[in-house]
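Asks: Whatever this is, show me its structure:
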Amino acid sequence: MRLAAVYSSQSCNPDYRSRSIDRQTRKLRQILTETQPGAIVVGGGLAGLAAAASLALRNVSVTLLESRPRWGGRASSFVDQTTGEQIDNCQHVSLGCCTNFQYLMRILSLEQFLRRESQLWFVGHDNEISSFRAWASLPAPLHLLPSFVGLKFLTWRDKYRLAWGLRALAQARPSPACDAEPFSEWLVRHRQTPNTIERFWHVVLVSALSETLDRIDVGHARKVFVDSFLRNHAGWEVWIPTVPLSDLYGDRLIQGLQRAGVKSRLQSGTSHVLLESGRAAGVELRSGEQIRAEHVILAVPHHLVSSLLPASQGELPELANLGRLEDAPISSVHLWFDQTVVPLPHATLIGRLSQWVFNRGLIHLAAEQSVATSAAPRHYIQVVISASRDIAQRSQAEVVSQVVAELADIWPSIRAAKLVHSRVVTEHRATLSVVPGVDHWRPIQQSSIPNVQYAGDWTQTGWPSTMEGAVRSGFLAAENVLKQLGRPEQIVQPDLPTASLSRVLFGI
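Replies: Below is the predicted model of the structure:
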């Protein structure tokens, strides 16, 4: 009775009601401004997509922010104004050893738009074509031996020296001396012939790592050959998108993110991370909007990281060497003809400016026959030139002329075809340069700020700067978040199992 009377008298007092409303308003504002549980992922490239999707699937509230009007980061397309078609800024391929990229495609329901190639074609100086495939009856690492023996652009002496070099590389172990040695010097020291260097080592590694042999770390060169060719029967298989990257990372991706429970926002550029008492409290967008969360993952290129952290933080120790990281360019030459000119879906060219030819018409046509996709050009060829620093010094007309001449030398029917349209596209920051010692400068995902993670192919992943490396970095960042939430779990997928014979022969 006394409490009821007191309540009644206070509620009738206008001053009390005013003070009560003020207290409730302040409390509500405090609740709204407190850091909310969950995570914000800044950056919608493969690293950010991997972090966001993996956390959301584990019931963590995730907001994914991207400053551009599209997802995919460097894996993007744009509309060619002349043809009106979507063309990729660069041809992106994956390998069978890229277990985490394949896992990401599965959880986003995108793997049906990747085509597995179980055969490759190499075109030598004399225009002879060598087919390269695995033999199902032979265990790794012997599964590729018949194709290796059959390479027409290498002599028997070359093949013997190459086998010797592959064995030495597989048995190499990390060391300070090895970290500082360019792979070109390692090849000379292991008595590789000029032919093997130019026609094999250069061809494989420049395509895989987008760098010249004198700017490649020995450890990363070993990673390519061990995981792709020597460890497992399926490691070398090439996976190619059958739709433009804007389709792969467009509406289908949005549907996959929504199914996973990710709240995604395009054209939402981040200004900086909000810090309170030494911890991240969320982010502020360039629009001035603040989004608060318990964890922040910065999945942006390495040259943008420092600008997102308040100047009051100073130079974080793990970012001190970011200025030493370099980027490597990749160029694509896009050609449209009035008739079919290349009979193969793809081919690797030896000793030419053109390194890898993709017959986009054939690849897209095969996709249309298996799944419903938009119409694709039938006579559209994409030529990839990695480590293309010299391309920027030449005119587009000069580059196109040389590429078309090289293709016509291999397939003379091109001379009778009409080149309807062409363009050259260079991605200047396509990949991180894996120069000797680069891993000493790459930070781990956990930053010095307890609840801030880094993600990107420039972080420490055990992999070079590839799509697989980007996805692994996102998964590693997500694992750190789960651990801090008291729910430790391994998200990173295991490598392909090592064949028993590979263990015996190489100690892999």
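Asks: Every contact and neighbour count from this point should use C-alpha atoms.
Replies: Noted.
Asks: Show me the strands in the stretch 51-200 of the chain, by range?
Replies: Using DSSP state E, counting those that start in this stretch, the strands assigned to the stretch 51-200 of the chain run over residues 62-65, 77-79, 86-88, 94-95, 114-117, 120-123, 129-132.
Asks: what mean pLDDT does the fifth one have?
Replies: Taken as a whole, strand 114-117 has an average pLDDT of 92.
Asks: tally of neighbours for residue 491?
Replies: Around residue 491 there are 20 other residues, counting by other Cα atoms under 10 Å.
Asks: burial count for the residue nearest to it when sequence neighbours are not counted?
Replies: In space, residue 491 comes closest to residue 475 once its chain neighbours are excluded; the distance is 5.8 Å by Cα to Cα, 6 or more residues apart in numbering. Neighbour count for residue 475, taken as other Cα under 10 Å: 30.
Asks: could you measure residue 475 against residue 351, distance?
Replies: When Cα to Cα, to the nearest Å is applied, the distance between residue 475 and residue 351 equals 38 Å.
Asks: what sits against residue 203?
Replies: Residues touching residue 203, when contacts are defined by Cα atoms under 8 Å, 6 or more residues apart in numbering, comprise 350, 355.
Asks: Can you tell me how far it is from residue 81?
Replies: Residue 203 sits 33 Å away from residue 81, going by Cα to Cα.
Asks: ranges for the strands of the stretch 251-400 of the chain?
Replies: Secondary structure of the stretch 251-400 of the chain by DSSP E, counting those that start in this stretch: the strands cover 262-265, 270-276, 279-285, 290-292, 295-298, 327-337, 346-349, 356-359, 380-386.
Asks: Looking at these, which is nearest to residue 455?
Replies: Across the strands of the stretch 251-400 of the chain, residue 455 has its closest neighbour in strand 295-298 (6.0 Å, Cα to Cα).
Asks: neighbouring contacts of that closest one?
Replies: Here strand 295-298 has contacts from 37-43, 48, 51, 280-283, 305, 451-455, 477, 481, using Cα under 8 Å, 6+ apart.
Asks: Of the strands of the stretch 51-200 of the chain, flag the one that's most buried.
Replies: Ranked by average neighbour count under the criterion mean count of other Cα atoms under 10 Å, these are headed by strand 62-65 at a mean of 24.
Asks: quick one: strands adjacent to that one?
Replies: strand 39-42 (parallel), strand 262-265 (parallel) (DSSP bridges).
Asks: Any chance of the ones you listed in a markdown table with distance to residue 237 and mean pLDDT as columns?
Replies: Putting those into a markdown table (distance: least, Cα to Cα, whole Å; pLDDT from 0 to 100) gives the following:
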| stretch | distance to residue 237 | mean pLDDT |
| --- | --- | --- |
| strand 39-42 | 32 | 98 |
| strand 262-265 | 31 | 95 |
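Asks: among the ones you listed, which is the most enclosed?
Replies: Looking across these with neighbours counted as mean count of other Cα under 10 Å, the highest average goes to strand 39-42: a mean of 28.
Asks: Now do the contacts for the nearest residue to residue 263 once chain neighbours are set aside.
Replies: Distances taken as Cα to Cα, 6+ apart put residue 63 closest to residue 263, at 4.7 Å, once the chain neighbours are dropped. When contacts are counted by Cα under 8 Å, 6+ apart, residue 63 is found next to 39, 40, 41, 52, 262, 263, 264, 265.
Asks: Swap in 6 Å and give it another go.
Replies: 40, 263, 264 (Cα atoms under 6 Å, 6 or more residues apart in numbering).
Asks: Turn the residues you listed into TSV, columns for distance to residue 126.
Replies: Shown next, in TSV, are the contacts of residue 63 (distance: Cα to Cα, whole Å):
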residue	distance to residue 126
40	55
263	55
264	52
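Asks: Go through those and name the one nearest residue 289.
Replies: Nearest to residue 289 among the contacts of residue 63, with distances taken as Cα to Cα, is residue 40, at 13.7 Å.
Asks: Show me the beta-bridge partners of that closest one.
Replies: Using DSSP bridges, the bridge partners assigned to residue 40 are residue 63, residue 296.
Asks: who's in contact with it?
Replies: Applying Cα under 6 Å, 6+ apart, the residues contacting residue 40 are 62, 63, 296.
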